[in-house]
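*Asks:* coords below, sequence missing:
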């Protein structure tokens with residue numbers, strides 16, 4: 001969960017910097033706290049399938065390797081899966097300015 005939040009923060013920070021925000025770090029932190037589960041059902045399902053697929057790929061990678069390589073492979077594959085999941089959620093997130101109140 002910490003990796004997901006960290007990657008989500010970095011993506012929000014990068015997006016704010018590209019838009020020219022003066023306080024990008026604070027705004028990105030606010031964006032993390034402002035999240036509400038407002039994804040449409042199709043996007044929510046896709047997000048959860050990416051999460052489940054990443055977990056399965058990480059598990060298979062751990063099963064197919066052994067020893068010290070296993071630890072390295074599981075960490076790398078797990079972080080890549082989490083990054084993909086956070087990126088998908090970031091790209092499909094309904095921005096606060098577009099949310100119905």
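*Replies:* Received it, and whenever you're ready, just let me know what you need. Note that the structure is a prediction, hence the values are computed from the model and not measured.
*Asks:* which parts of the chain are helices?
*Replies:* 2-18, 24-33, 41-64, 67-92 (DSSP state H).
*Asks:* residue 92 against residue 43, yeah?
*Replies:* Yes. Counting by CB atoms under 8 Å, residue 92 touches residue 43, with 4.8 Å between them. The C-beta positions use only the backbone N, C-alpha and C, and glycine is treated the same way.
*Asks:* separation between the residue nearest the centre of the chain and residue 9?
*Replies:* The centre of the chain sits closest to residue 86, judged by CA atoms, centre = their mean, with a distance of 1.2 Å. Going from residue 86 to residue 9 by CB to CB, to the nearest Å gives 9 Å.
*Asks:* contacting residues around the nearest residue to residue 79 once chain neighbours are set aside?
*Replies:* Setting aside the residues directly before and after it, residue 79 is nearest to residue 3 in space (CB to CB, 6 or more residues apart in numbering), at 6.2 Å. Residues in contact with residue 3 (CB atoms under 8 Å, 6 or more residues apart in numbering) are 78, 79, 82, 83.
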